[in-house]
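1. Fold the following for me, if possible:
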Amino acid sequence: MSSYALALLLLGSTPQVESGSLLVLEGSNKPVRAFTNSQVTHVAILMHVGKNLTFVYEATPSRVRCVALKKFLAEIHTHDANRRTNTQVWMMQPKRPYSQRELIRMNSYLNSQLGRRYSVKGYVRKRQADGIHCAEFASTALTHSGRFAFRQRYAIDPNELVQQVRSLHERPVRISVPNRQADSSFPTQTWRRWLDLQTWCSWACYEAWRFCW
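-> Just a heads-up that it's a prediction; the model follows:
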């Protein structure tokens, strides 16, 4: 990606992004980082729509969702405002753009999974589960394009996925997230922490119950 296109992204306008590109986060989730022993903690798929709309498809507590890239980066900004370290955001574009046929297959899968429950049960138990985690979701989407053939996708972690596709992608491009708001009021920061904790706790409780099945 050119420096001009990257500058547009940092200013809030979304440049042309190759559909099927990977969005990679580093340091966004301490439990994932500790469990996988890697700085790569989350992966998602970018799909470009129209002239200037880019959407992020991701599996995240508590479900699979689709969100505009601009909103996604704003959420990272809010998330980092309550932490001591910043999340690193990278984009990996394919060296050879996906064909229209490949994109149709990939997009069909992505949309079919919206709302599906997020779960790491398959990864932990090393067998297929009803829920899905981020690397499983992204690798399955890439597999549906016909360009990749990942096996036991439920057992892939974010870093493993990045390593496996690195040779077929351009060098990662850093996407800078606006600096954290240092002047946020204490009530606002407390409310944000509570909402974040509530989301994780709700998912964790249901996930623990599902592990008994």
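
2. Report how many residues lie close to Val49.
-> 11 (other CB atoms under 10 Å). For the C-beta atoms, the positions are set from N, CA and C on the backbone; glycine is no exception.

3. So it versus Tyr57, what's the distance?
-> 11 Å (CB to CB, to the nearest Å).

4. which residues in the protein form helices?
-> Applying DSSP state H to the chain gives helices spanning 3-10, 30-36, 69-80, 100-112, 121-125, 134-144, 158-165, 186-210.

5. quick one, the fourth one and helix 134-144 angle?
-> Our comparison of helix 100-112 with helix 134-144, counting by axes from the mean of the first three to the mean of the last three CA atoms, to 10 degrees, yields an angle of 140 degrees.

6. mind checking how far stretch 63-81 is from the chain centre?
-> 9 Å (CA atoms, centre = their mean, to the nearest Å).

7. just stretch 161-171 next, same as before
-> Distance, centroid of stretch 161-171 to centroid of chain: 15 Å (CA atoms, centre = their mean).

8. before we move on, what about stretch 147-155?
-> That offset, for stretch 147-155, works out to 17 Å (CA atoms, centre = their mean).

9. With just CA atoms, put it into PDB.
-> Presented in PDB, the C-alpha positions along stretch 147-155 are these (Å, rounded to 0.1, in the frame of the first residue of the first chain):
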ATOM      1  CA  ARG A 147      -6.800 -20.700  -2.700                       C
ATOM      2  CA  PHE A 148      -6.000 -22.300   0.700                       C
ATOM      3  CA  ALA A 149      -6.600 -25.800   2.200                       C
ATOM      4  CA  PHE A 150      -6.200 -25.500   6.000                       C
ATOM      5  CA  ARG A 151      -6.700 -28.700   8.000                       C
ATOM      6  CA  GLN A 152      -8.100 -28.800  11.500                       C
ATOM      7  CA  ARG A 153      -8.900 -25.100  11.400                       C
ATOM      8  CA  TYR A 154     -10.400 -25.300  14.900                       C
ATOM      9  CA  ALA A 155      -6.800 -25.900  16.200                       C
END
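
10. Could I get the average pLDDT for that stretch?
-> Stretch 147-155 carries an average pLDDT of 91.
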